[in-house]
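>>> Pasting the sequence and the predicted model now:
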Amino acid sequence: MGSTRTARGRGGAPSMVEVAALAGVSVGTVSNVVNHPERVRAETIERVRAAIEQLGFSRAVPVRAARTNPSVVEVAAVAGVSVGTVSNALNHPEQVRPETLARVRAAIEQLGFTPNANARSLAGGENRTIGLVVVDLGNTLFVDIARGAQREAAARGESLLVTNSDRDDAQQDAHLDLFESARVRGVVLAPLSDPFAGIQRVRRHGTPLVVVNYDDGRQDCCTVLVDNERVGYLAARHMVELGRRRLAWVSELNDLQPVHERQAGVRRAVREAGRGVSLVELDTEGVGENDGDHVVEEVLALPARRRPDALIAVTDMLGASVVEALRGAGLSVPGDIAVMGCDHDARAWGGAVPLTTVRMEGEEMGAAAVRLLADEVAEGVDHVHRRVVVQPSLLVRESSAGRLPR
C-alpha cells in the first residue's frame, strides 16, 4: 500500500513541518502533541500521531524543527512548489497562477512565516535595509543623525528604518529584536547607556552594528562619536574669553557618558584659565524646558560674590529655560549672566534671546555610521572595527555675546 508524503525541501528525516502539513494542523499543534498532549483535542492528537507514524517522524527532532521563523524552503515544501515560486508569490504575485498563489498563501499562514523576517532567504534576494535606533527623536541631534544616515543610505541604494527608544532600555531592546528578526543589512544604534547587551543581541547572528554617540571602550564594533569632552571645553573657554570669571555648570545627576565628558571638558578649560576663574557645579532634577526655575533659584540663593556671571547648561533645552527664568527674575542675559547650551537642539532656539550652543555635526555622525556599516559588509571577516570622532564647533549667539552685528 502506497503512502502519501509531503514533498521535502531537503533530505534526511522528515521534519515537524511535514508532519503538520500531512495532518492539516499548525507546527505549534504538532509540537504540543509531542510535548504537551494534554493541551490538544483527542481527534487532533489522533491525526497528528497518524501523520507521525506514516512519515516515520523521530520524536528526537521536533523542538529544534519548530523555529519561530520558518524558512522559504519549508513554505515551498508545504505548498508543493519551488522556492522561486514562493519568492514570486511574495514579490510578484501577478506572475503566479491563482491556484498556486492560494497554496503558497495557505502554507505561509499555516507555518506562521513572516516574509520580512526571511528576506535574505528569497532566491537571488538581498536585504538593502538598515535599521537605526535612537534614544530620543525629540532631540534634534538625533533627527540630524537620522537625516545624515538617510542621505548616505540613499546614495548607496539602501533604505533606512528609524525607531525611537524614547529613553527606555526595554523599548531599545525590542527595536533591536525587531531589526534582527527582519534580517536587516546592518544596525546603527544611538543608545541611552552602555550598549553591550544590545550589541550582543544583534551580533549573535553576524549582523553588522555601529554604535553612535557612546564609546564602550571594548572595540567589539565600530563607533562614531562627537568629542563630548571638547564640547564642554569649547563652551567654558568661550565664556572665559568673553571675560567671565565665575562659571556655573548645570546638569542632571545621571550616568550618561556624554554628560560626564562635557563636564570634564568644562573643568579642563577652567583649570587652564588659572587663578581668578572659578567653577560651581549645580545639579538639577531635569534638563528640559521647565527646569530653569529651579536652577535660577539655586543661583539667586548663592552669596553675591559667588553668584556666577556665566552659566553653561548641559542641554540647549535647559539653557533656554534658564534664560527665560533669569529674565523673569529681572536679570539681564547676557548682561548679568551669560548663558549657553551644549547639544545643538533646535527646539531651544526660538526664545527672545537666541541661545549660544555647540554644534554637534549630527548629520556627519549619521553618514559616517552608514559608511562604516558598508565597509563591514564589504570586508566581511577581514573587517577591523574603527572609531570615528567628529569634532564639534562653537555657534555663538546673543545669550553669551550680546547683540551681534547683522
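Here it is on my side, so go on.
>>> what comes into contact with stretch 316-332?
Contact with stretch 316-332 is made by 250, 284, 286-293, 295-296, 299-300, 311-313, 333, 336-337, 339-345, 347-349, 351-353, 355, 357, 399, as judged by C-beta atoms under 8 Å, 6 or more residues apart in numbering. Every C-beta, even on glycine, is put in place using the N, C-alpha and C of the backbone.
>>> Show only the entries of these found in strands.
Filtering the contacts of stretch 316-332 for membership in strands, criterion DSSP state E, returns Val250, Thr284, Leu311, Ile312, Ala313, Val339, Met340, Thr357.
>>> Of the contacts of stretch 316-332, keep whichever come out buried.
250, 284, 287-288, 291-292, 295-296, 299, 311-313, 333, 337, 339-345, 348-349, 351, 353, 355, 357, 399 (16 or more other C-beta atoms under 10 Å).
>>> in stretch 78-94, what counts as buried?
Val78, Ala79, Val81, Val83, Thr85, Val86, Ser87, Asn88, Ala89, Leu90.
>>> What is the most widely separated pair among these?
Val78 and Asn88 (16.4 Å; C-beta to C-beta).
>>> Figure out how far the helix or strand hosting Gln263 is from the centre of its chain.
Assessed by DSSP states H and E, Gln263 sits inside helix 257-273. Relative to its chain's centre, helix 257-273 lies at 27 Å (C-alpha atoms, centre = their mean, to the nearest Å).
>>> other SSEs contacting it?
helix 228-241, strand 246-252, strand 278-284 (3 or more C-beta pairs under 8 Å, 6 or more residues apart in numbering; DSSP states H and E).
>>> please redo it, this time with the cut-off set to 10 Å
strand 222-226, helix 228-241, strand 246-252, strand 278-284, strand 310-313 (3 or more C-beta pairs under 10 Å, 6 or more residues apart in numbering; DSSP states H and E).
>>> quick one: low-confidence ranges for the stretch 301-406 of the chain?
404-406 (pLDDT under 70).
>>> Going along the chain, name the helices of it.
Listed in chain order, the helices of the stretch 301-406 of the chain (DSSP state H, counting those that start in this stretch) span 316-328, 362-379, 398-401.
>>> re earlier: now, which of the buried residues of stretch 78-94 lie within helices?
Val78, Ala79, Val83, Thr85, Val86, Ser87, Asn88, Ala89, Leu90 (DSSP state H).
>>> what's around the nearest residue to the second one once chain neighbours are set aside, how many residues?
Spatial nearest neighbour of Ala79, excluding adjacent residues (C-beta to C-beta, 6 or more residues apart in numbering): Ala107 at 4.0 Å. By other C-beta atoms under 10 Å, the residues close to Ala107 number 23.
>>> hang on, the earlier thing: okay if I get the helices and strands packed on helix 257-273 as JSON lines plus distance to Glu272?
Below are these laid out as JSON lines (distance: least, C-beta to C-beta, whole Å):
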{"stretch": "strand 222-226", "distance to Glu272": "21"}
{"stretch": "helix 228-241", "distance to Glu272": "8"}
{"stretch": "strand 246-252", "distance to Glu272": "12"}
{"stretch": "strand 278-284", "distance to Glu272": "12"}
{"stretch": "strand 310-313", "distance to Glu272": "15"}
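>>> Deepest in the core, which of the ones you listed is it.
Burial of these is given as mean neighbour count (mean count of other C-beta atoms under 10 Å); strand 310-313 ranks first at a mean of 30.
>>> Output that one as CSV, nothing but the C-alphas.
Extracted in CSV, the C-alpha atoms of strand 310-313 (Å, rounded to 0.1, in the frame of the first residue of the first chain):
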residue,chain,number,x,y,z
ALA,A,310,28.3,82.7,33.1
LEU,A,311,26.2,79.6,33.1
ILE,A,312,26.7,76.5,30.9
ALA,A,313,23.7,74.1,30.7
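>>> Tell me, please, the helix or strand in the chain that averages the lowest pLDDT.
helix 62-65 (a mean of 34; mean pLDDT, DSSP states H and E).
>>> Surely Leu137 and Gln171 touch.
No: contact criterion C-beta atoms under 10 Å: Leu137 and Gln171 do not qualify, at 11.9 Å.
>>> so where's the stretch 1-150 of the chain uncertain?
Ranges of the stretch 1-150 of the chain meeting pLDDT under 70: 1-17, 26-28, 31-32, 35-36, 39, 57-70, 73, 91, 114-126.
>>> Can you show me the helices along it?
16-23, 27-35, 42-55, 62-65, 72-79, 83-91, 98-111, 140-155.
>>> of all the ones you listed, which lies closest to Arg307?
Short answer: helix 140-155, nearest of the helices of the stretch 1-150 of the chain by C-beta to C-beta, at 30.8 Å.
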